[in-house]
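Asker: Provided below are the primary sequence and the corresponding predicted coordinates.
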2 protein chains.
Amino acid sequence: MYSMTMSAVPGPRGPVTRKDVARFAGVSTAVVSYVVNGGPKRVAPATEAKVQDAIRRLGYRPNAAARALKLGSSETIGLVIPDNSNPFFSLLAHAVEEAAAERGYALVLTNSDGNVAKERRNVRNLAARQVDGVIVSSVLMEPGAADFESAEVPVVLLNHSAEAPGFNSVGVDLVAGARAAVEHLIGHGHTRIALAMGTNTGNYYDGREEGWLQALAGAGLPEGPIVRTPFTREGGYAAGKRLLAGAERPTAIFATSDLQAVGILRALHEAGLSVPKDMALASFDGSAEAEYSWPPLTTVRQPAKAMAEAAVNALIGTGRGNTPEHLIFPADLQVRQSCGCP
Amino acid sequence: MYSMTMSAVPGPRGPVTRKDVARFAGVSTAVVSYVVNGGPKRVAPATEAKVQDAIRRLGYRPNAAARALKLGSSETIGLVIPDNSNPFFSLLAHAVEEAAAERGYALVLTNSDGNVAKERRNVRNLAARQVDGVIVSSVLMEPGAADFESAEVPVVLLNHSAEAPGFNSVGVDLVAGARAAVEHLIGHGHTRIALAMGTNTGNYYDGREEGWLQALAGAGLPEGPIVRTPFTREGGYAAGKRLLAGAERPTAIFATSDLQAVGILRALHEAGLSVPKDMALASFDGSAEAEYSWPPLTTVRQPAKAMAEAAVNALIGTGRGNTPEHLIFPADLQVRQSCGCP
DNA sequence: GTGAAAGCGCTAACAT
DNA sequence: ATGTTAGCGCTTTCAC
């Protein structure tokens, strides 16, 4: 017995292909395919072992590009979000990646940075890359169907609560969620409840405004002040300052995102106000950041994981011809201290 | 002139290929290629116009899988991070996506969830998908070169400050950054400065501990208490509580991540302590969350964008044979209020 | 300036 | 149970 450092593997020449494996194992390329894919034909155990051995010895890994070309599917999906550094979207992206991975799909991530043109560009680019579908999640968007239909790729709208004709979409019940939060605030005895409303481009109506309205109306309360501001920490900060400076200062604020609430919190702290004593606060999203603010934020939790799974299923399970579904998830109120609860 | 709703585009049959375009434009497929790729041969302006027109009319989009198969490159890179919902990593991922997109590359994102096995699996999976390279960013990892070399794909380590033989890597000067933060705390007159040290798996030594040590030694101060805890909000919270309960309570804490500092902040608030009066705080990362905590955190900012660009360059620009580079970026102290500054 | 054709690595229908 | 082979859509060399 002689030892050799290099076994009979091919030398420094390029990547190992299925042909190399076939030759090494002394079988045909078809058999290698059957072994690798577990079908569509059965292979004798002995042969299979030989092939597996050859695969291992040669360090063979199938070429996904070739497979994608042949099969017309790359087992890859695209995701377009406004901003992966926004905690809500990063959470969503993580959940989508996980859901996709569970089904054997990889995730190509792109940020649109809140830019409609970039969003469209990303969708097209993804389509050109032969992804099997694209999940688009945008606060900004009111999908002109025309925007994506030319993309020739299945699209599902994630985080999209307004019904979008012609598209699969999954969203959250904004109206009910917001209403629950505002009603909770009302339960604490507040009667002047402001709304820090995130600004969407497009003219579609955000259910959170409606929910706030409904809760107030339901309790026979007057409409509190409303300030429109971006869905960001900075936006919230500005909104907070404006609300404090206003004539009829509210005693509670409902913010349409956790990030805004965090900004409002800063404005409140700077003004020396105590939360929730001097000003109560509730928000929307349920991101981790809300749990560790001071005081911890009472917030409407979006079921990101479930939504992500639904979006991936809608995309992958889609028979293409199916009539578009519009999935709405309930959002539950996560009660912490910013609202006045102990 | 007659109007038609449907122009002479192919009917409901499958995707348009280069062949269809060629036929429609009355040229060969080679010419279509030349036009699409702007080379390698020149095409007569008139012909080019015809082809462009055909492309537009038919809505042709090149098949990336075929291109990747032929060229052996998918113009795609993979990214492996521990957790995209961690603000530092989501920021990094965003920056990597941007840097890749600028060079025409798409980004496949995967989370390892702090799991070494999953990390390896992800790298292999990405390699099988014919990505042109993989960027791995892991707090966990001490790359056993063997782990990735079998992946047969270029790997660059991002967010990796210890030198890893055989790998390109880009990281930040942990020692200097930490030292700067601790020295700043010392400048405020503190003499008992604790360290909330993030726990890495593997036994590699984290420079932040060294930096803390150096700053204390340099000022002739005794070693403060040290508590080892995960790089998370929860970890920080636990560390904060332990530090408060300890015998020799420090007057300042240096935390190795913003997330930990946020957790510590919560422990401090719950104990009714005022920051920075009763306890000063500084941390590491420079994420957006640090800016909007209360009080805003003094933190060592990692240049995520620059690091991401460097990593992408190292991966794409890499001639494969080049000797591995080890890039270390400086991290600058972002002074806010948690340290005691006004 | 344009075209014909080989072949990238893989799958699966069709032979054997 | 295993082998042969056409062809997925593209790029590019080589001929014209």
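Answerer: That came through, no problem.

Asker: residues contacting the residue in the stretch 151-300 of chain A that DNA strand D sits nearest to?
Answerer: Nearest residue of the stretch 151-300 of chain A to DNA strand D, counting by Cβ to the nearest atom of the strand: residue A:152, 12.5 Å away. Every C-beta, even on glycine, is put in place using the N, C-alpha and C of the backbone. Applying Cβ atoms under 8 Å, 6 or more residues apart in numbering or on different chains, we find residue A:152 in contact with A:127, B:15, B:59, B:61.

Asker: all strands for the stretch 51-200 of chain A, in order.
Answerer: Listed from the start of the chain, the stretch 51-200 of chain A has strands (DSSP state E, counting those that start in this stretch) covering A:76-81, A:106-111, A:133-137, A:155-158, A:168-172, A:193-198.

Asker: Look at residue A:254 and give its secondary structure.
Answerer: strand (DSSP: H, G, I helix; E, B strand; the rest coil).

Asker: Residue A:207 versus that one, what's the distance?
Answerer: 13 Å (Cβ to Cβ, to the nearest Å).

Asker: between those two, which one's more packed in?
Answerer: Higher neighbour count among residue A:254 and residue A:207: residue A:254, with 35 against 22, using other Cβ atoms under 10 Å in any protein chain shown.

Asker: just to revisit the earlier point, show me whatever sits in contact with both of residue A:254 and residue A:207.
Answerer: Joint contacts of residue A:254 and residue A:207 (Cβ under 8 Å, 6+ apart) are residue A:178.

Asker: Need the per-residue pLDDT for the nearest residue to residue A:298 once chain neighbours are set aside.
Answerer: Among residues not flanking residue A:298 along the chain, residue A:339 sits closest, at 3.8 Å (Cβ to Cβ, 6 or more residues apart in numbering or on different chains). Looking at residue A:339, its pLDDT is 97.

Asker: Pretty sure residue A:339 sits in a helix.
Answerer: No: Residue A:339: not assigned to a helix; according to three-state DSSP it is coil.

Asker: Tell me where the longest helix sits in chain A.
Answerer: Ranked by residue count and defined by DSSP state H, the top helix of chain A is helix A:87-102.

Asker: Get me the contact residues on chain A for DNA strand D.
Answerer: Residues of chain A found near DNA strand D (Cβ under 7 Å from any atom of the strand) are A:26-31, A:34, A:41-44, A:46-48, A:66, A:69-70, A:72.

Asker: Show me which of the residues you listed are buried.
Answerer: A:27, A:31, A:34, A:43, A:47, A:48, A:66, A:69 (16 or more other Cβ atoms under 10 Å in any protein chain shown).

Asker: From those, pick the one nearest DNA strand C.
Answerer: Distance to DNA strand C, by Cβ to the nearest atom of the strand, is smallest for residue A:66 among those, at 3.3 Å.

Asker: hang on, the closest one packs against residue B:67?
Answerer: No: the pair residue A:66 and residue B:67 does not pass the contact test of Cβ atoms under 8 Å, sitting 11.9 Å apart.

Asker: element containing the closest residue to residue A:180 other than its chain neighbours?
Answerer: Using Cβ to Cβ, 6+ apart and skipping the chain neighbours, the partner closest in space to residue A:180 is residue A:333 (4.7 Å). For residue A:333, the host element (DSSP states H and E) is strand A:332-334.

Asker: Can you mark which positions in that strand are buried?
Answerer: So, applying 16+ other Cβ under 10 Å, buried residues of strand A:332-334: A:333, A:334.

Asker: strand partners of that strand, parallel vs antiparallel please.
Answerer: strand A:298-301 (antiparallel) (DSSP bridges).

Asker: After the partner strand, which helix or strand is next?
Answerer: Taking DSSP H and E, what comes next after strand A:298-301 is helix A:304-316.

Asker: quick one: contacts of that next one?
Answerer: A:77, A:88, A:91-92, A:95-96, A:98-100, A:103, A:105, A:132-135, A:154, A:156, A:158-159, A:168, A:170-172, A:286, A:325, A:327, A:329.

Asker: what do you get if the cut-off is 6 Å, keeping everything else the same?
Answerer: A:91-92, A:95-96, A:99-100, A:103, A:133, A:135, A:154, A:156, A:158, A:168, A:170, A:327, A:329 (Cβ atoms under 6 Å, 6 or more residues apart in numbering or on different chains).

Asker: Equivalent analysis for stretch A:261-269, please.
Answerer: A:233, A:236-237, A:240-241, A:255, A:275, A:279, A:281, A:283, A:293, A:297, B:292, B:294.

Asker: redo that, cut-off 7 Å
Answerer: A:196, A:233-237, A:239-241, A:244, A:253, A:255, A:275, A:279, A:281, A:283, A:289-290, A:293, A:297, B:292, B:294 (Cβ atoms under 7 Å, 6 or more residues apart in numbering or on different chains).
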